[in-house]
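In: Need coordinates for the following:
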Amino acid sequence: MTNPGWLQMHPRDTIAVLTRRAGKGERPLGRGVALERAIEAGHKIALGDIMPGEAIIKFGQIIGYASVPVVAGEHVHTHNCSMGSHDRDYVIGADFESALASTPKAEPMTFAGYHRDDGTVGTRNYIALVATVNCSATVIRRAAADINTSGILDQFPNVDGVVALSHGTGCGMASEGPGHDNLQRVLWGHATHPNVGAALFVGLGCEVMQIARMRAAYGEGGERFHGLTIQETGGTTRTVEAIVAAIHDLLPKVNAVSREPAPVSKLAVALQCGGSDGFSGITANPALGVASDMLVGMGGSVVLAETPEIYGAEQLLLRRAAGQDVADKLLERIAWWEHYTAINGGAMDNNPSPGNKAGGLTTILEKSLGAVAKAGSAPLGDVLDYGAKLRRPGLTFMDSPGFDPVSVTGQIASGAQVVVFTTGRGSAFGSKPAPTIKVASNSRLANAMPDDMDIDCGGILDGVSMEEKGREILALIVATASGQKSKSEKLGLGDNEFLPWQIGAVM
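Out: Alright, predicted model coming up:
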């Protein structure tokens, strides 16, 4: 800590972050202009005078530019800091070797998981009902509710439940292209997920997203895959009855597998943040980055996502890229997003959200620099399309929107068996079939939402080491992977957060 009440994150920084609320008339730095109004913790104040057009620096990186003269001690936020160009002097792979060398070689750990025939290991054991189209959403929800509330699951202790994966598309869409491909990858990725012991695809019968076409594209799926349609089964009532009967048949088979030891190298963890604040990039995200590096050092996998929310920090990832092909893929995705937002009347700087801004984040550049910290310092080994299967261990980036449910849906489809979700403003997010662990960036939030937050990183502001908190996060990941319920699971969250990314015209 540079001084009680504020932090300077990097020697180059031209701003400091308040660690406590500062009242009107105070001089938090002990010098400079007195504050014209009270400012909440997590917000920024100028360390010195900043001229109009001059870069504003945080984390040693540009987060914006002064839109008017700023004097030392003044609040720096949307009223005097505007979006501008960021560092695009890309040096591909410059830090790859050092990132590789600095990845911690920790003692291997194990978790208790469900071993699958394809060599993957699940952290949960669900039966998944997968709607191929919105027309079959109701029947799978009714069937899942019937089973989950009937009491029959008490007879099958190794089954975590029946999850209904319903969505709002599957028809009225192009039969090929990015929108179709996204949905197909997500549906198949969830149905064949390590956390799913058996899956039943349910369609209407005449939709664009055909079960037979998925089988042809990906294969039969073995004994874990089943399918039916409402039209062939005889309507809504008979289909619900048929689904319930199929689940009764599946329960003994799914229950027959039990947890056995597995190396953490079999784990893939989704790195996610939402409802971020000014402390997210200072406490929770870098602490998760420490845990991420430890997991990678043991041969595990971590999946970073949310392309619009690495915008302005992509240069940090590109410096760690394993090769030009990896870098080119990331740059292609960023260029695609710039075009996509432009043709839809938006811009890449339409973030942060109102809640992010209230928490102290001013521009997408600032938000992205904090968000990338979740990925630690490991080499960037791969870049995937939305929902595509993981291909190698280590750090992977998956293209996705910044909307949390859509992004996590893609990460789970890629194979992530656990999600770690950092937040500063608060989140009531949960996910299935992969459980979500929620990490608070500050103690105020952890105390305000104790039923939702699994870990409090606020102690970092008071001297708890980043490594200590990272080890705490890693220990909870392993415990959750072994069956310990996260707080979002205890609350029953996750049934409504399945949200595939829709692209293209609705026809």
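In: Domain boundaries for this protein, per the record?
Out: Residue ranges for the domains of the chain, per automatic domain parsing: 1-82, 112-259, 267-490.
In: F96 is nearest to which of these?
Out: For the domains of the chain, the distance to F96 is smallest for domain 267-490, at 5.3 Å, taking C-beta to C-beta. Where C-beta positions appear, they are placed from N, C-alpha and C, glycine not excepted.
In: The closest one: end-to-end distance?
Out: 22 Å (C-alpha to C-alpha, to the nearest Å).
In: how about the domains of the chain in JSON lines, adding distance to I92 and mean neighbour count?
Out: Shown next, in JSON lines, are the domains of the chain (distance: least, C-beta to C-beta, whole Å; neighbours: other C-beta atoms under 10 Å):
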{"stretch": "domain 1-82", "distance to I92": "18", "mean neighbour count": "18"}
{"stretch": "domain 112-259", "distance to I92": "26", "mean neighbour count": "19"}
{"stretch": "domain 267-490", "distance to I92": "4", "mean neighbour count": "22"}
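In: Looking at these, which is nearest to L100?
Out: Closest approach to L100 among those (C-beta to C-beta): domain 267-490, 5.3 Å.
In: Return the residues in contact with H167.
Out: Counting by C-beta atoms under 8 Å, 6 or more residues apart in numbering, H167 touches 131, 134, 137, 183, 498-500.
In: go again using 6 Å as the cut-off
Out: P500 (C-beta atoms under 6 Å, 6 or more residues apart in numbering).
In: next one: the one 4 residues further on
Out: C171 makes contact with 133, 207-208 under the criterion C-beta under 6 Å, 6+ apart.
In: State the distance from L461 to Q417.
Out: Distance, L461 to Q417, using C-beta to C-beta, to the nearest Å: 31 Å.
In: from the middle of its chain, how far away would the lowest-mean-pLDDT helix or strand in the chain be?
Out: Ranked by mean pLDDT, DSSP states H and E, the weakest helix or strand in the chain is helix 211-218, scoring a mean of 85. Here helix 211-218 is found 28 Å from its chain centre; the criterion is C-alpha atoms, centre = their mean, to the nearest Å.
In: by contact count, what packs against that helix?
Out: Applying 3 or more C-beta pairs under 6 Å, 6 or more residues apart in numbering; DSSP states H and E, one finds that helix 211-218 contacts helix 178-191.
In: tell me the mean pLDDT over the helix it packs on?
Out: For helix 178-191, mean pLDDT is 96.
In: Contacts for it next, please.
Out: With contact meaning C-beta under 6 Å, 6+ apart, helix 178-191 is reached by 128, 130, 165, 173-174, 199, 214, 218, 386-388, 413, 500-504.
In: Centre of the chain to it, how far?
Out: How far helix 178-191 lies from its chain's middle: 18 Å, per C-alpha atoms, centre = their mean.
In: now the angle from it to helix 211-218?
Out: Put simply, helix 178-191 runs at 80 degrees to helix 211-218, going by axes from the mean of the first three to the mean of the last three C-alpha atoms, to 10 degrees.
In: just the CA coordinates of the helix or strand just after helix 178-191, formatted as PDB?
Out: Downstream of helix 178-191, the next assigned helix or strand under DSSP states H and E is strand 196-203. Output of strand 196-203 as PDB, limited to C-alpha atoms (Å, rounded to 0.1, in the frame of the first residue of the first chain):
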ATOM      1  CA  VAL A 196     -23.300 -35.400 -17.600                       C
ATOM      2  CA  GLY A 197     -23.800 -39.100 -17.100                       C
ATOM      3  CA  ALA A 198     -26.500 -39.300 -19.700                       C
ATOM      4  CA  ALA A 199     -28.300 -36.900 -22.100                       C
ATOM      5  CA  LEU A 200     -31.600 -36.900 -23.800                       C
ATOM      6  CA  PHE A 201     -32.100 -34.600 -26.800                       C
ATOM      7  CA  VAL A 202     -35.700 -33.500 -27.300                       C
ATOM      8  CA  GLY A 203     -36.900 -31.800 -30.400                       C
END
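In: Cheers, nothing more for now.
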